[in-house]
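Q: Next input, structure requested:
(chains A and B)
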Protein chains: 2
Amino acid sequence: MKAVTTEIITIGDEILYGQIVDTNSAWMGAELAKIGVRVKQITSISDNAEHITQALDEAKTRADIILMTGGLGPTKDDLTKQVLTDYFHTSLRLHEPSLAHLTELFRGRGKELTEINREQAYLPESCTPVTNALGTAPGMWFEQDGKVFVSMPGVPFEMKRMMTDIVLPQLKVYFKTPHILHKVVQTIGLPESLLSERLEAWETNLPGHLKLAYLPNLNGVRLRLTGQGTDEAILEKEMQEQIKKLPAILGKHIFAYGEVTLEEAIGRLLTERGLTVATAESCTGGLLAHKLTSIAGSSAYFIGSVIAYHNEVKIQELHVAPETLQQHGAVSEATVRAMAENVRLKFDTDIGLATSGIAGPDGGTPDKPVGTIWIAYADKYKTVAKLLNYNKGRLLNIEYTAMAVLNLLRQSLEPTVEE
Amino acid sequence: MKAVTTEIITIGDEILYGQIVDTNSAWMGAELAKIGVRVKQITSISDNAEHITQALDEAKTRADIILMTGGLGPTKDDLTKQVLTDYFHTSLRLHEPSLAHLTELFRGRGKELTEINREQAYLPESCTPVTNALGTAPGMWFEQDGKVFVSMPGVPFEMKRMMTDIVLPQLKVYFKTPHILHKVVQTIGLPESLLSERLEAWETNLPGHLKLAYLPNLNGVRLRLTGQGTDEAILEKEMQEQIKKLPAILGKHIFAYGEVTLEEAIGRLLTERGLTVATAESCTGGLLAHKLTSIAGSSAYFIGSVIAYHNEVKIQELHVAPETLQQHGAVSEATVRAMAENVRLKFDTDIGLATSGIAGPDGGTPDKPVGTIWIAYADKYKTVAKLLNYNKGRLLNIEYTAMAVLNLLRQSLEPTVEE
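A: As a prediction, this is how the structure comes out:
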């Protein structure tokens, strides 16, 4: 079965000039995927009649559905409605229900309908108007040669309501779309290239209607398996069976299933086990504590931190022995182990975490270049330290270090997972 | 003079499926505007050879520059390089400097170069390779019929570095773009609507070739004055004269000139004055310290922090009197003043900063709803506390609080600035 395809056309200069980020298209893409409609192209153009016409001409050669947003405001630089009227060889006519809706909307705001807004009730005769429950510009649905063209406002909440209530349900009926399912597996600790090497055999053996995507981000790499079929229950079962094979291949590198961040996964683990945590941070300067406390409900497991930027603080507050600092330096296994162990005792927590390293750009030595970073985890039974080497610039060195500590924490909490 | 135009083509399914929001294009649009290049269209397509070819064909009919991002990963679903090789009728050949860079990159990570990554050093013969300082996929610069085509990775920090260091400067030279100057004035503490009221007369009197833009962000509102002209020196002087009028209008709301963050401005102030700082954080959970330590060289002024999430830590480490907590609560002026004053004494710094509030979503009471936050600044002479009320959701409440403390610090350091 050939997939139904969409092209999204956003109209307006704000996106082109980088004044706003286009979040509408991503939302639309995700919602369309849920009904089995694939976005083939997203096109952003300015409010220019010739350019809009050209974009429509190009879009209909490759997509079944053309969804437009923007260019429907009441001012004269918003041209979309006029362009569509010409494009479909029709003419504008007063649409009484839209006029009633506009009048009501203005009355609700305690205002009289202005002439300029009254014109928004004039719509192309050949379109089916799409009610804008939350704003003044109605949407327009056109059909031509089995293709559907929908024009919507660019205001995110108006567009979303229109899509959810009217456009998506009608597209489902019009195109009798197939079932599409997505499964996400969150991994950390393996770059995309090594992941794909490990997954090669598994991926090659996937049936043709299941596709794998690698989505790298700061947290690691998200794996997304997408399946398409006519029977949703069978598809769900097939996909679950494939996903079940992954722990044996990726082991401890999997930290969650579904749309979960590492911070959230750790928050759940700590809450479930009733464990508490404290951090002693040098090079991460508070980012590790910030990540832990970014989760709602983190006061159940996060107690406090000492940020020990200066060695004096490491000695006085974290009781790192001056000899340790002298002999091994602040960036050393001995120092970071003492920091993790002592912050745990200081705050009487189950777990202590620590970081000490050279984030850069200055402070490196031949022995310990910029990016040399020690991290540690300590609990009642053991202390684990790890040496990291990053070369990503100060901010990313700090960011990656915080994520590496969170991963060390996760792995220490899940000691039984086989690789 | 006809404006030089660009089309941005992003390649990859993640954007089409709505898995990620395309923030790259907005950044590129804004940077291109700074060198007088206008984005005519943004096109997002999937990793499909035919579709990429079609997009290139269409783009070159309307733009002078075609900037591509994405599709350069080492896995086999990344097709961009092969498509470009075919498109420009050339062939792949080993590019020794790229191989050396890749080998070095892997060595830095303590790893051997894999076969799959080694292939990334093979590049189309007719392109000029663009070094990727931060990643494995080199960029490619092609020229054809006076048009420029550049392919870059989709990873934001890799692309940005490549654009800033190489692509933008080379485009400026290649297209001899007109002189465009930008002057940025950083403000904080006035929303856009109040700023524009204050600036109305000044803005109206600007000559026609100088334009003002209001760019709100988490730090406040950036004012960007853009001038275009044929003589750079005259333009520079004209713009400086306009900028000189602003302090009399905006006073202490200006915190810096140029692309300087509030964190950087504060870092300079503290360094110049030889002052040191410590933080005592409850609701910001380390973010304030992280912001201070995000600046290179911050170890000159930042000493350390206590993150006191639990009241026990406030009592034991920051010597907040249990009676204060009982009588006024943790979120109170009395508590936050004690925190700021005592952390200053504890770490023997010139300045102590403190936060205590309800970031949400839980923990609010009728008296102190979510978003009730106290912040404080303390030095040898005085303690200043301030009550904030935010209603932006947990993460933004934390973010805005950290920025508000930094602004309180800045204002306390600049007591003589006239409004």
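Q: what's next to stretch A:90-100, contact-wise?
A: Contacts to stretch A:90-100, defined as Cβ atoms under 8 Å, 6 or more residues apart in numbering or on different chains, come from residues A:81-82, A:85, A:118, A:120-127, A:129, A:131, A:138. Yep, even glycine has a C-beta here, placed from its N, CA and C like the rest.
Q: and it, how far from the chain's centre?
A: On the basis of Cα atoms, centre = their mean, to the nearest Å, stretch A:90-100 sits 40 Å off its chain's mean C-alpha point.
Q: pull the CA atoms of that stretch into PDB?
A: The C-alpha trace of stretch A:90-100 is given here as PDB (Å, rounded to 0.1, in the frame of the first residue of the first chain):
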ATOM      1  CA  THR A  90     -13.000  30.700  -7.800                       C
ATOM      2  CA  SER A  91     -14.100  34.000  -6.100                       C
ATOM      3  CA  LEU A  92     -14.700  35.300  -2.600                       C
ATOM      4  CA  ARG A  93     -18.100  35.300  -1.100                       C
ATOM      5  CA  LEU A  94     -19.400  36.100   2.300                       C
ATOM      6  CA  HIS A  95     -19.700  33.000   4.500                       C
ATOM      7  CA  GLU A  96     -22.500  33.700   7.000                       C
ATOM      8  CA  PRO A  97     -21.500  31.200   9.700                       C
ATOM      9  CA  SER A  98     -17.900  32.700   9.700                       C
ATOM     10  CA  LEU A  99     -19.400  36.200  10.000                       C
ATOM     11  CA  ALA A 100     -21.500  35.000  12.900                       C
END
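Q: Report the buried residues of that stretch.
A: A:His95, A:Ser98 (16 or more other Cβ atoms under 10 Å in any protein chain shown).
Q: So what pairs up with A:Lys183 in the strands?
A: A:Leu225 (DSSP bridges).
Q: ok, now which ones touch A:Asp47?
A: A:Ile11, A:Gly12, A:Asp13, A:Gly70, A:Gly71, A:Asp77, A:Asp78, A:Leu79, A:Thr80.
Q: These, buried ones only, as a ChimeraX selection?
A: Command for ChimeraX, covering only those of the contacts of A:Asp47 found buried under the criterion 16+ other Cβ under 10 Å:
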select /A:11,12,13,70,71,78,79,80
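Q: What about the contacts of A:Asp47, which are in helices?
A: A:Asp13, A:Thr80 (DSSP state H).
Q: circling back to that earlier point, buried subset of the contacts of stretch A:90-100, written for PyMOL?
A: Buried residues among the contacts of stretch A:90-100 (16+ other Cβ under 10 Å), as a PyMOL selection:
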select buried, chain A and resi 81+85+118+120+121+122+123+124+126+127+129+138
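Q: which ones among the contacts of A:Asp47 come in contact with chain B?
A: Among the contacts of A:Asp47, not one lies near chain B by Cβ under 8 Å from any Cβ of the partner chain.
Q: excluding its backbone neighbours, what's nearest A:Lys368?
A: Excluding the flanking residues, the one nearest A:Lys368 by Cβ to Cβ, 6 or more residues apart in numbering or on different chains is A:Val331, at 5.5 Å.
Q: returning to that earlier point: out of the contacts of stretch A:90-100, flag the one nearest to B:Gly393.
A: Of all the contacts of stretch A:90-100, B:Gly393 sits closest to A:Thr131, with 29.7 Å by Cβ to Cβ.
Q: residues contacting that closest one?
A: A:Pro97, A:His101, A:Pro138, A:Gly139, A:Met162, A:Asp165, A:Ile166.
Q: let's see it at 10 Å
A: By Cβ atoms under 10 Å, 6 or more residues apart in numbering or on different chains, the residues touching A:Thr131 are A:Pro97, A:Ser98, A:His101, A:Pro138, A:Gly139, A:Arg161, A:Met162, A:Asp165, A:Ile166.
Q: same check, this time on A:Thr365
A: Taking Cβ under 10 Å, 6+ apart as the test, what A:Thr365 contacts is A:Gly329, A:Val331, A:Ile358, A:Thr372.
Q: just A:Cys283 next, same as before
A: A:309, A:330-331, A:355-360, A:363, A:372-375, A:394, A:397-398, A:401-402, B:293, B:299.
Q: mind listing which of those residues are in strands?
A: A:Thr355, A:Ser356, A:Gly357, A:Thr372, A:Ile373, A:Trp374, A:Ile375 (DSSP state E).
Q: For the fourth one, which non-adjacent residue is closest in space?
A: Put plainly, it is A:Thr372. A:Ile358 (5.4 Å).
Q: my read: that neighbour touches A:Lys368, true?
A: Yes: in this structure, A:Ile358 is within contact of A:Lys368 by Cβ atoms under 10 Å, at 6.1 Å.
Q: Save the ones in strands among the contacts of A:Cys283 as TSV, and put in neighbour count too.
A: Shown next, in TSV, are the ones in strands among the contacts of A:Cys283 (neighbours: other Cβ atoms under 10 Å in any protein chain shown):
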residue	neighbour count
A:Thr355	30
A:Ser356	29
A:Gly357	26
A:Thr372	24
A:Ile373	27
A:Trp374	28
A:Ile375	29
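Q: give me every residue that touches A:Glu112.
A: So A:Glu112 contacts A:Thr103, A:Phe106 (Cβ under 10 Å, 6+ apart).
Q: Parallel or antiparallel, list what pairs with the strand or helix carrying A:Met140.
A: According to DSSP states H and E, A:Met140 maps onto strand A:139-144. Here strand A:139-144 is paired, per DSSP bridges, with strand A:128-130 (antiparallel), strand A:147-152 (antiparallel).
Q: Which residues does it contact?
A: A:60, A:66-69, A:72, A:80-81, A:84-85, A:87-88, A:90, A:95, A:123-124, A:126-132, A:148-153, A:158-159, A:162-163, A:166-167, A:170-171, A:174.
Q: 7 Å instead, please
A: Here strand A:139-144 makes contact (Cβ atoms under 7 Å, 6 or more residues apart in numbering or on different chains) with A:84, A:88, A:123-124, A:126-130, A:132, A:148-152, A:162.
Q: Dump that strand to PDB, restricted to CA.
A: This file holds the C-alpha atoms of strand A:139-144, laid out as PDB (Å, rounded to 0.1, in the frame of the first residue of the first chain):
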ATOM      1  CA  GLY A 139      -9.300  27.700   7.700                       C
ATOM      2  CA  MET A 140     -10.100  26.500   4.100                       C
ATOM      3  CA  TRP A 141     -10.300  22.900   2.700                       C
ATOM      4  CA  PHE A 142     -10.000  22.400  -1.000                       C
ATOM      5  CA  GLU A 143     -10.100  19.200  -3.100                       C
ATOM      6  CA  GLN A 144      -8.700  18.900  -6.600                       C
END
